[in-house]
Each structure stands twice: as C-alpha cells, then as structure tokens.
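Enquirer: quick one, structure for this:
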Amino acid sequence: MATELPPLDSNPATESTVKAVDEDTKVLHSMGYAQELLRGMRTFQNFAISFSIICILVGGLTSFGQGLSSVGGASIGLGWPLATCVSLLFALAMGQIGSAYPTAGGLYHWGSILGGRAVGWVTAWCNLIGLITVLAAVNVGSYLFIVGALGPFLHLNMDLILPKDPTFTSILIQTAVVTTTTLSQALINHLGIKLTSRLIDFSGYLIFFTAIALAIVLFAYAPHMDPSRLWTFKNYSGDPGGGVWPKTGNMTYLFLLGLLLPAFTITGFDASAHTAEETIGASKAIPKGMIHSVLWSGIFGWIMLAAIVLAAPNLDKAAGQGGNSFVWIMTEVVPQPLRIGLFVLIGISQYLCGLATVTSASRMMFAFARDGGLPWSKILRRVSHRYRTPVPAIWVASILTIGFTIYTPVYTTIAAVCAIFIYVSYLLPVAAGLVGFRTRWTQKGPFDLKGWYPIVAVVCTIGCIVLIYVGVQPPNDQALKVIIGSAVAGLVCWFGLERKRFAGPPIGETILRKQAEIAKVEEDIGH
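Expert: All right, here's what the predicted structure looks like:
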C-alpha cells in the first residue's frame, strides 16, 4: 500500500504547537465553523479516546460468551482476526476522509459533503443512535460484569440482583446503578476536556496494562495448553452454549453469529474524528488515532481472548456458562486475591470507557445541532464559556442513554443495535466517497490511500451487509424492530419535514458569509 502507517508522535514543542493550532483554526474557518471548543488534545490523547471507547476489556469480556458459545475457540482464534481486519479497513477509509475534513461530528460532515444533505442527515442520526446505544451497552455490560464477578465475593444476593430471568426488582436495581454511573460520567465531561483527557490518557495505559496482565496470569495458571482450540470448530448452540444462541446445525451461520463479539467490541474509533476540533494537528492526528486504536485493540484483544480460551480447564463446561463463561474460567483457574484485583482493574477500565463514550456522543450531538439538524438545536449547540464544553449536549446524550436502557435492558440486544447503527454510519460516508472518488471528492488531506481507497470501500460495504444480517438474528430479533422502526421514522421525517428545512453544513458562499459570525463567536468565547 502506498501510504505507510503513521507513527504516534511525542509531545511537540510549544512553538510548533501554536503554529499547528493556528493552522487547525484556519482549516476550521474554511469549513464555516468557529473554534468554540478548547483545542488542547495531543495526538496520543486523540488515539487514547478511540482506544478507550473500543476498550477490549468491555466488549471483549462482557460479550465473550457470544463468541465462545457459537463455534467455540475458533470464534476467537479465527473470527476475531477476521473481523479486526474489516474494522481496520473501515479505519483506513475513514482516516482518509477525516484527514481531509477534520471537524467535530466528522461522519455527518463527511456524508453531507461527499453524498449530499440526505446522506449526511441519515449518517448523523445513525451515528448518534449508535453512540448512545454504545454508551448504554458499555454501562449495562459493565454493571452485569461487576455484579457477576464481584457479587459472590461481596456476599450479595445474586438471586435478587442477577437472576437467570430478569425480574422487576433486578431491572430496577440495574437501572439505578446504570443511571448513577452515566450521570457521573456526564459530570466529569461537563467540567472540561482537560480533566477528561487526563482520565482518558490514564485509561489508555490502564487498558494496555490490564489486558497484558490478564493474559500473563491466565497463561501462568492454565492447567494445560491446547493451541488447537483456537482453530477447532464445535457447535455450542442451544443448551451446550448456555442458551446464548438458538440451536442450529449450520456451522457457517453460527460462526457468523460469533462475529458479533469483535463487531461490537471494535466500535467507537470514530471518537478521534468527533474530537477533531479539540485536537492539535487534527488532519494528521485523526487517521493516526483511528488506525492505531483499531490495530492495537485487535492485537492485544486477540492475545487476551486467546489466553482465556486456552486457560479454560474444560471448554465444554466454560461454553455451558453462557454469558458468565469468562468469570467462570477466572474463578476456576486464578487464585482469589489476584482474580479480584484484576476484576477491579477491569471495572475501572470499563467506567472510563463509558466516560470517553460520553465525550464522543456529545461532540456528535453538538456538531449536528450546530447545523440545525436536531430538535432544540439552538440549545444543544451551546458551549460553556467557562468549561469550553458542549454542556447541553453532554447531559442530553447521557439522559437519552438512560432512557434506552430502560426501554431495552437486555445487554445482547443493546450490543447488536449499537454495532449495526455504528457501522452503517461508518459505511455511508465511505460509500459516498467511493461513488464520488474521482469526481465530487477532490479535497484530500495528508493521509491518502490513493488508488487503494475504492478497494477498501468495497470490502467495507460487504462487511457491513454481513453485520446487519447477523445482528438481527434470534435472540436479537428485537434489534430488527428497532432498526425497521428507526428507518420508517427517518423516511417520514426526511421527506415530510427535513428535506426542505435542513440546510446541512455550510458550503460555497455560505462559508464566506459566516466569517463575520465566526469572528463574533470566538470574540464572545474569549478565543
């Protein structure tokens, strides 16, 4: 490939930083936007926010049963690398577009420029719904993991808190904890990008350390090693897999269902684009952040999950635990003090993943509202002069997340919905770029795939179609209702109202007319 993978850089000197910020601001002005958000994130922090949202310690562990209970170890050994490669192709394609158009809520902007107002509008809604459901899946999954992992140690009443079939009481407790967690993440985001960035920095290091430590511990305490598990297919559908997937004899279909594990885990790397207006040297940092976050998550995630599979004393018994298979393996293999310590580190990582997701979702909401794409856009586009954060967007995104978890508290359905919406929002601008590659799309950034882009975009399209198919299969058929309902509502809203009302991002002469307004906004905010 002509374009080499760009390395993560070290902290630049003050003079070069000032120059880079000035260049970033000029690029933002050229697209018709003021520098309202505080531009203080470095390249590593831009990478860390995507790496933290992907967080292999969230999806990789909370959805582990979805992989193992499909075709066993082959779902990890073969399925995880396969899905990671597809996600990496998405990151490459999106990195090229983001390098050319470095704005907050990037995907919406890309879709509008490359495919027109309708594509941009649909992209925005898919991405926004996807990010809200990602946050819901992260916080619900974290709750279920922490309770399942630490509940017996803390002598909690597991039959009350985490029964096999959810009850009104268990859902009420879950909702209360998830609500408290989400609101605390919103508060930290409210208080400014500097505090959030420091925590996200810490999160990036913590995920690396914990994943490596977990793998080392499991390899050290594994009762025996059988590498063939990683490429051996076994049908764990129905009761043998704890009822995670309905009984089927179709191994190809079952293997595809297992791909939901990596598909849900490796999402959210668009956060590097959503924080573009807060990142120094954004046109170079965005592709670096997305590509590296997917690459390293894929590598370390595979090592960690392979260690779990290889450490299981009995893979049949592990698969039979269903969604609790990871905790069961840890309980059987790792001594309690060490196990509890690892569980605590995993829990902290999962909380910080949710924190980073609030940042990404709120920036998407802010950017869409800035162009009048949402109800009450004038409120949702406001930026706090004190904290330089989009405060209304932060709290509304968090409250919508809580509402979604009340509507559908089932973790697997939430995960399937979020993966589908997120990847559809990734595909739309990528496909629009493919259609207009040699015609409409003339502006390229520092990161350019050149002639490889069309090939990458076609593979991304095939991968997204497969994901939609497997994501709505039983027992996640509730996801199909959500997707169909959203599609119908979207069509009605677009043709009934938004087609005439929604202007999209500024283009052409509109950008020139907005320069005076931009200067006034930046003067008011003290830029």
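
Enquirer: pick out the residue closest to the middle of the protein.
Expert: Centroid-nearest residue in the chain, with CA atoms, centre = their mean: residue 268, separated by 1.9 Å.

Enquirer: ok so it is a strand residue?
Expert: No: under DSSP: H, G, I helix; E, B strand; the rest coil, residue 268 falls outside any strand and is assigned coil.

Enquirer: list the contacts of it.
Expert: By CB atoms under 8 Å, 6 or more residues apart in numbering, the residues touching residue 268 are 50, 53, 54, 131, 134, 356, 357, 360, 422. Glycine gets a C-beta too; all of them are placed from N, C-alpha and C.

Enquirer: how deep is the closest residue to it other than its chain neighbours tucked in, by neighbour count?
Expert: Computed as CB to CB, 6 or more residues apart in numbering, the closest residue to residue 268 that is not its neighbour in sequence is residue 53, at 3.3 Å. Other residues lying near residue 53 total 35 when counted by other CB atoms under 10 Å.

Enquirer: from residue 70, how far off is residue 250?
Expert: Per CB to CB, to the nearest Å, residue 250 is found 11 Å from residue 70.

Enquirer: more neighbours: the two, which one.
Expert: residue 70 (31 against 11).

Enquirer: and the pLDDT for that one?
Expert: At residue 70, the pLDDT value in this model is 95.

Enquirer: also residue 53?
Expert: Here, the pLDDT recorded for residue 53 equals 88.

Enquirer: would you mind listing the residues in contact with residue 470?
Expert: Residue 470 neighbours (CB under 8 Å, 6+ apart): 256, 257, 259, 260, 263.

Enquirer: what about the second one, which helix or strand?
Expert: Translated: residue 257. helix 251-258 (DSSP states H and E).

Enquirer: please point out which parts of that helix sit buried.
Expert: 253, 254, 255, 256, 257, 258 (16 or more other CB atoms under 10 Å).

Enquirer: mind putting those into JSON lines with pLDDT?
Expert: Output for the buried residues of helix 251-258, formatted as JSON lines (pLDDT from 0 to 100):
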{"residue": "253", "pLDDT": "93"}
{"residue": "254", "pLDDT": "94"}
{"residue": "255", "pLDDT": "95"}
{"residue": "256", "pLDDT": "93"}
{"residue": "257", "pLDDT": "92"}
{"residue": "258", "pLDDT": "93"}
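
Enquirer: on contacts alone, who are the packing partners of the host helix or strand of residue 423?
Expert: Per DSSP H and E, residue 423 falls inside helix 411-435. Counting contacts by 3 or more CB pairs under 8 Å, 6 or more residues apart in numbering; DSSP states H and E, helix 411-435 is packed against helix 80-100, helix 106-115, helix 117-150, helix 260-265, helix 453-471, helix 477-493.

Enquirer: for the record, mean pLDDT for it?
Expert: In this model, helix 411-435 has an average pLDDT of 88.

Enquirer: now find how far off-centre it is within its chain.
Expert: 11 Å (CA atoms, centre = their mean, to the nearest Å).

Enquirer: buried sites along that helix?
Expert: 411-434.

Enquirer: relative orientation of it and helix 117-150 in degrees?
Expert: Between helix 411-435 and helix 117-150, the angle comes out at 150 degrees (axes from the mean of the first three to the mean of the last three CA atoms, to 10 degrees).

Enquirer: between helix 411-435 and helix 106-115, how many degrees?
Expert: 30 degrees.

Enquirer: quick check: angle from helix 411-435 to helix 477-493?
Expert: Relative orientation of helix 411-435 and helix 477-493, computed by the same axes, to 10 degrees: 50 degrees.

Enquirer: show me what the helix holding residue 257 is packed up against.
Expert: helix 64-71, helix 453-471.

Enquirer: return the most buried member of those.
Expert: helix 64-71 (a mean of 29; mean count of other CB atoms under 10 Å).

Enquirer: which pLDDT value goes with the residue nearest to residue 312 when sequence neighbours are not counted?
Expert: Spatial nearest neighbour of residue 312, chain neighbours left out: residue 318 (4.2 Å); criterion: CB to CB, 6+ apart. Residue 318 carries a pLDDT score of 95 in this model.

Enquirer: same question, residue 21
Expert: For residue 21, the pLDDT comes out at 84.

Enquirer: need the next SSE after the one helix or strand it maps to, C-terminal direction.
Expert: Under the criterion of DSSP H and E, residue 21 resides in helix 14-30. Once helix 14-30 ends, the next helix or strand along the chain (criterion: DSSP H and E) is helix 43-54.

Enquirer: much appreciated, bye for now.
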